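Asker: With the sequence up front, the predicted model follows.
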Amino acid sequence: MLESSALYVNGQLPRIATDGRTPRQAYAAAFDTSDTRPRIAILLAGIGMDEAASMAALDLPAQVSFAVTPYATRLEKFVPAARAAGHELLLSMPMEPQGYPLNDPGNRALLTGASPLVNAQLTEWALTRFTGYVGVTGALGQMRGERFAAALGQMKQLQTTLGERGLLYVDPRPNAAWTKPGEGRLPTRGIDVVLDETQGGGAEIDKALARLERIARDRGAAMGLAGRPSPLAVDRIAVWAAGLDARGVALAPVSVVVQMPQASTPPIPLPITMSQRTVPLP
């Protein structure tokens, strides 16, 4: 389910297997899909920016999914540890956010002013940074790639690439208009609630989690996003998750809420390889 990158030395790209298996299926975290309770997925972004905070987040329930930055320097340490702990992984795709260039998504970000060829090369660079992920999100810490996502032609190019590689996409913009679950070849879903939107502390995170729970009860499923693995966010998510069973709600990996599969497919253990070196962009 991997193929060599033509642009980046030792880079490995996800692909659909000859038997039809997709990375979003093969790398999905375990979940009992016969569970009929309302489902909530939590996507914790900013993983890899702060190594200590990212490693501490591994103690969260395995159903919490992680969005990993491609800029992280110790991916060879974190990615195997996260998968061994049962966490599902997504790749954070750096994309032009609101407030750019003041809000800087890094020197490998997809930009509305770049050519389709350059953005395609940058997309491939990000996809080769590590393996074993089910999909991609535009959440890079607290940035959400709003400007790039609004450039429909360029966003369609990215969507097409991800769909052809058997991935899913999580739109970090709450209730994004274009995001419809299961549309086309690319399963997609928007975030319902951003958990750490404000600086109001633990009480505000608790309120956001309660709002997420109400949405799940009303609609059957909901997804929340935390922009970074701060000790406060990790602590409040852990406390909240500990009481979910008693309240009749299931914590689920992102892939379950995005795809809502009809049957549980156990994750297929595949070796995780790292891109050791990349060539500079032209």
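Answerer: Received the coordinates, thanks.

Asker: what's the neighbour count on the residue nearest to Val64 when sequence neighbours are not counted?
Answerer: Leaving aside its chain neighbours, Val64 sits nearest to Ile42 (4.8 Å; criterion: CB to CB, 6 or more residues apart in numbering). For glycine as for every other residue, the C-beta is placed from the backbone atoms N, C-alpha and C. Look at Ile42: counted by other CB atoms under 10 Å, it has 28 neighbours.

Asker: Same question for Asp35.
Answerer: 12.

Asker: same thing with Asp192?
Answerer: 21.

Asker: same check, this time on Val239
Answerer: 13.

Asker: would you say it is within a helix?
Answerer: Yes. The assignment for Val239 is a helix, going by DSSP: H, G, I helix; E, B strand; the rest coil.

Asker: Least confident secondary structure element in this structure?
Answerer: Using mean pLDDT, DSSP states H and E, helix 254-259 stands out as the lowest-scoring helix or strand of the chain, at a mean of 90.

Asker: what's that one packed up against?
Answerer: strand 39-47, strand 135-137, strand 168-171, strand 188-190, strand 221-226 (3 or more CB pairs under 8 Å, 6 or more residues apart in numbering; DSSP states H and E).

Asker: hmm, back to that, spit out the contact partners of the residue nearest to Val64.
Answerer: Ile42 sits next to 63-65, 195, 223-226, 237, 241, 251 when contact means CB atoms under 8 Å, 6 or more residues apart in numbering.

Asker: same thing but at 7 Å, please
Answerer: Residues counted as contacts of Ile42 (CB atoms under 7 Å, 6 or more residues apart in numbering) are 64-65, 224, 226, 237.

Asker: Just say helix, strand or coil for the closest residue to Ala57 other than its chain neighbours.
Answerer: Leaving aside its chain neighbours, Ala57 sits nearest to Pro229 (4.2 Å; criterion: CB to CB, 6+ apart). With three-state DSSP as the basis, the three-state label of Pro229 is coil.

Asker: hang on, isn't Pro229 packed against Leu58?
Answerer: No. With contact defined as CB atoms under 7 Å, Pro229 does not reach Leu58; the gap is 9.6 Å.

Asker: With neighbour numbers in mind, choose between the two.
Answerer: Taking other CB under 10 Å, Pro229 and Leu58 do not tie; Pro229 has more neighbours (27 against 19).

Asker: And the pLDDT at the more buried one?
Answerer: Looking at Pro229, its pLDDT reads 97.

Asker: ditto for the one 3 residues further on
Answerer: pLDDT, Leu232: 96.

Asker: pretty sure it is touching Gly200, no?
Answerer: No. Using CB under 7 Å, Leu232 is not in contact with Gly200, being 10.6 Å away.

Asker: what's the neighbour count on Thr128?
Answerer: By other CB under 10 Å, the residues close to Thr128 number 25.

Asker: report the angle between the axes of whatever helix or strand Ala233 lives in and strand 39-47?
Answerer: Using DSSP states H and E, Ala233 falls within helix 231-242. If you take axes from the mean of the first three to the mean of the last three CA atoms, to 10 degrees, helix 231-242 sits at 160 degrees to strand 39-47.
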